[in-house]
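Trainee: Any chance you can model this:
(2 chains)
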Amino acid sequence: MDNQKLAELLFPNITSAPEDIEARYPRRELPEGAKVTRIAPSPTGFMHLGNLYGALVDERLAHQSGGIFYLRIEDTDKKREVEGGVKMIIDTFHSFGLSFDEGAALDGETGNYGPYRQSQRAEIYQTYVKSLVQRGLAYPCFCTESELEAAHKEQEQKKENFGYYGHYAVWRDRPIEDIEAELGKGSPYVVRFRSEGKIENKIRHEDLVKGKMEVTENDQDIVLLKSDGIPTYHFAHVVDDHLMGTSIVVRGEEWLATLPVHLQLFRAMGWKAPKYAHTAQLMKLDPETGGKRKLSKRKDPELALSYYYKEGYSVPAVMEYLMTLLNSNFEEWRRANPDAPMNDFPFSTKKMSASGALFDIDKLNDVSKNVISHMIAEAVYESIAKWSADNDPDFHALFTRDPEMTKGYLAIGRGGKKPRKDLALWSDAKPYMDFMFDELFTPDYTMPERVSSEDAKAILTAFKPQFDENDTPDSFFEKMKAIAEQTGFASDTKAYKEHPEQYKGPVGDVSMVIRIAIAGRQNAPDLQSVMKLMGNKKVQSRLERCIAAL
RNA sequence: GGCCUGGUGGUCAAGCGGCUAAGACACCGCCCUUUCACGGCGGUAACACGGGUUCGAUUCCCGUCCAGGUCACCA
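Mentor: Below you'll find the predicted structure:
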């Protein structure tokens, strides 16, 4: 009928045709099997764990196959956009070690499939919508918010499905005169898709994560173009991922419900739909109810990516943890390949859970301890220095005052087959080594039960002149045994266990007294190593201080 | 309410017609050990429920229940 006329009426300024646009987006020349993936966040100023979770899937899929991983900005909702949002997105992914091959960048963008900001693609979307109008597959709708609300209420009352369909689609078949009249008045309008779908029909779909499934056809005349001429997510997704050659769309399972709309749109446009991987929602255990629930922005600080840096989690720890959530066989692989880079792991969507992923901070901490235990002291030093500079300036000053000493301390028990695992967070460094700094040294001179003050004093006084920076842990312990003999303790722990009544205690009590004097507490890494780092002068003064306090 | 997805120990999870139903975290115990950390050994603990199909169901089908998602001019 007058589709042609209607199209001109709605889009007088659009002179390009779909073919012109297609010509600007040639097919990608990529090796066989290479995947093209993308992340498409909105610049709302809030980056959450789910963003990173999905991005890791995208990145692995692309780079593991020699494909392309790009960044597109979904800035179609001006109300939610914040200033600096794009920079924040780019900075955040960069800080987690994820790099884009093309897409939006700090200054403009890179790649031949742009623009990569949806707000700059209005003409493209409108060209396609215009052609849809010409084909009778789209039409303007002048319904006001309150009219739509009224329809919703009516549907609620009659227990009908919600939405714009059937006789509720009041502008679907209006005569062109009505449309011209509204246009003449300057009434705002949206452009809707004319759906031919029926809810009785099912569509088969094979999802990369969920596997085979059946969904119901969409019968809603969904909005293609909002009244400001900017497309909705649904339409932008279809147009962009077609033009930009995305081969796999990774997104949260909350999108599953609108999948029929997307499939329908791809078909109407005559395009091949990409493959989809709908990832399970990130959940957590609610400490109040004990049940599972979605991570919430308001209640759960750990949802925000900024949380991890502030708390002192290392980047590789967070990434490794996400990978353990993502692929059930990752942990097994990691145990077999403790030192291999994470990216050597053969990631597969087949191993992704369809049932959900529960965020477990204990598990994260465990992964983190393992990751840090495999790092060399130098790297740990650098990381803590950087973190503390931003988050704990006072500690940073002490930590970096004598780098050799600090690194020496971090090196204790590091590097062997059974490395110490004391640190899960960079912020653990302070309680782990605070006693090394006089400024933070707040000793608790409570002695073990078996050791009296007199004994403690005798042990310390005996040890004081014998201390030698150059002792080894073994030769130091020989001295402990000798002192044990002198003071009535057993130099041999087995002997003590056999005849506890003959001794005041085992040799361990003797070295514990020294440890308490030096570290001001009952646990610390290897004592002789610690004392060697402190140096004779400091050791002597600590011994004196403790003797005086007893 | 409609539509969709999921339901294996406290948690993450292998297994997908026949097994004493892996493994990891957490927890408990023991061992190692001059403390701690590490490491070693062991332990508690699970197939949501009810019907089918089958010689046999955790695995397949149906129903129930439970959980989550979604039904915007937000993504």
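Trainee: In three-state terms, label the closest residue in space to A:Thr487 that isn't next to it in sequence for me.
Mentor: Using C-beta to C-beta, 6 or more residues apart in numbering and skipping the chain neighbours, the partner closest in space to A:Thr487 is A:Ala458 (5.3 Å). (Glycine included, C-beta is placed from N, CA and C.) Classification of A:Ala458 using DSSP: H, G, I helix; E, B strand; the rest coil returns helix.
Trainee: my read: A:Ala458 touches A:Gly488, true?
Mentor: No - applying C-beta atoms under 8 Å as the test, A:Ala458 and A:Gly488 come out as separate, 9.1 Å apart.
Trainee: more crowded one of these two?
Mentor: Neighbours per residue, other C-beta atoms under 10 Å: of A:Ala458 and A:Gly488, the larger number sits with A:Ala458, 18 against 12.
Trainee: where do the helices sit along the stretch 51-200 of chain A?
Mentor: Assigned by DSSP state H, counting those that start in this stretch, the helices in the stretch 51-200 of chain A fall at A:85-95, A:122-134, A:145-157, A:176-185.
Trainee: what's the most buried one of those helices?
Mentor: helix A:122-134 (a mean of 21; mean count of other C-beta atoms under 10 Å).
Trainee: That one vs RNA strand B: in contact?
Mentor: No - applying C-beta under 7 Å from any atom of the strand, one finds helix A:122-134 separated from RNA strand B by no less than 11.3 Å.
Trainee: other SSEs contacting that helix?
Mentor: Applying 3 or more C-beta pairs under 8 Å, 6 or more residues apart in numbering; DSSP states H and E, we find helix A:122-134 packed against helix A:3-10, helix A:18-24, strand A:138-141, strand A:190-193, strand A:223-225, helix A:233-243.
Trainee: and the fourth one, which strands flank it?
Mentor: Take DSSP bridges as the rule and strand A:190-193 pairs in its sheet with strand A:138-141 (antiparallel), strand A:223-225 (antiparallel).
Trainee: now what about the longest one, what contacts it?
Mentor: So that's strand A:138-141. A:6, A:10, A:129, A:132-133, A:164, A:170-172, A:174, A:179, A:182-183, A:189-194, A:221, A:223-224 (C-beta atoms under 8 Å, 6 or more residues apart in numbering).
Trainee: and with 10 Å instead?
Mentor: A:3, A:6-7, A:9-10, A:128-133, A:147-148, A:164, A:169-174, A:179, A:182-183, A:187, A:189-194, A:221, A:223-225, A:227, A:235, A:268 (C-beta atoms under 10 Å, 6 or more residues apart in numbering).
Trainee: Would you tell me which residues of the stretch 1-150 of chain A are close to RNA strand B?
Mentor: By the rule C-beta under 7 Å from any atom of the strand, the part of the stretch 1-150 of chain A lying against RNA strand B is A:Ala40, A:Pro41, A:Ser42, A:Glu74, A:Thr76, A:Asp77, A:Arg80, A:Cys143, A:Thr144, A:Glu145, A:Leu148.
Trainee: Now the buried members of these.
Mentor: A:Ala40, A:Pro41, A:Ser42, A:Glu74, A:Thr76, A:Asp77, A:Cys143 (16 or more other C-beta atoms under 10 Å).
Trainee: Sitting in strands, which of those residues do you find?
Mentor: Among those, none falls in strands (DSSP state E).
Trainee: Distance check, the residue nearest to A:Thr487 against A:Ile483.
Mentor: For A:Ala458, the distance to A:Ile483 (C-beta to C-beta, to the nearest Å) stands at 9 Å.
Trainee: what's the answer for A:Glu196, then?
Mentor: Distance, A:Glu196 to A:Ile483, by C-beta to C-beta: 92 Å.
Trainee: Neighbour count for those two, which is higher?
Mentor: Using other C-beta under 10 Å as the criterion, A:Glu196 and A:Ile483 rank with A:Ile483 on top: 23 against 12.
Trainee: sorry, back to before: mind putting the helices and strands packed on helix A:122-134 in JSON lines, mean neighbour count and distance to A:Pro403 included?
Mentor: Formatted as JSON lines, those follow (neighbours: other C-beta atoms under 10 Å; distance: least, C-beta to C-beta, whole Å):
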{"stretch": "helix A:3-10", "mean neighbour count": "16", "distance to A:Pro403": "68"}
{"stretch": "helix A:18-24", "mean neighbour count": "12", "distance to A:Pro403": "55"}
{"stretch": "strand A:138-141", "mean neighbour count": "23", "distance to A:Pro403": "66"}
{"stretch": "strand A:190-193", "mean neighbour count": "23", "distance to A:Pro403": "63"}
{"stretch": "strand A:223-225", "mean neighbour count": "24", "distance to A:Pro403": "60"}
{"stretch": "helix A:233-243", "mean neighbour count": "22", "distance to A:Pro403": "50"}
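Trainee: Arrange these in a markdown table, one row each, with mean pLDDT and distance to A:Asn536 as further columns.
Mentor: Shown next, in a markdown table, are the helices and strands packed on helix A:122-134 (pLDDT from 0 to 100; distance: least, C-beta to C-beta, whole Å):
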| stretch | mean pLDDT | distance to A:Asn536 |
| --- | --- | --- |
| helix A:3-10 | 92 | 87 |
| helix A:18-24 | 94 | 75 |
| strand A:138-141 | 96 | 85 |
| strand A:190-193 | 97 | 81 |
| strand A:223-225 | 96 | 78 |
| helix A:233-243 | 96 | 69 |
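Trainee: Could you dump these into CSV and include distance to A:Asn327?
Mentor: Conversion of these to CSV gives the following (distance: least, C-beta to C-beta, whole Å):
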stretch, distance to A:Asn327
helix A:3-10, 48
helix A:18-24, 37
strand A:138-141, 42
strand A:190-193, 37
strand A:223-225, 37
helix A:233-243, 24
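Trainee: Let me see the contact set for the residue lying closest to A:Leu98 once chain neighbours are set aside.
Mentor: Distances taken as C-beta to C-beta, 6+ apart place A:Glu59 nearest to A:Leu98, at 5.2 Å, with adjacent residues excluded. Counting by C-beta under 10 Å, 6+ apart, A:Glu59 touches A:37, A:39, A:52, A:69, A:93, A:96-101, A:250, A:343, A:347.
Trainee: one step back: any chance of the helices of the stretch 51-200 of chain A in TSV with distance to A:Ile412 and mean pLDDT as columns?
Mentor: Output for those, formatted as TSV (distance: least, C-beta to C-beta, whole Å; pLDDT from 0 to 100):
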stretch	distance to A:Ile412	mean pLDDT
helix A:85-95	30	91
helix A:122-134	61	95
helix A:145-157	67	92
helix A:176-185	78	93
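Trainee: right, and those helices - which one's nearest A:Asp394?
Mentor: Closest of the helices of the stretch 51-200 of chain A to A:Asp394 is helix A:85-95, at 24.2 Å (criterion: C-beta to C-beta).
Trainee: Please tell me I have it right and A:Leu364 contacts A:Tyr307.
Mentor: No - contact criterion C-beta atoms under 10 Å: A:Leu364 and A:Tyr307 do not qualify, at 11.4 Å.
Trainee: what sits in contact with each of the two?
Mentor: Taking C-beta under 10 Å, 6+ apart as the contact rule, A:Leu364 and A:Tyr307 both touch A:Tyr313.
Trainee: Between those two, which has more neighbouring residues?
Mentor: Remark: of A:Leu364 and A:Tyr307, A:Leu364 carries more neighbours, 22 against 14, as counted by other C-beta under 10 Å.
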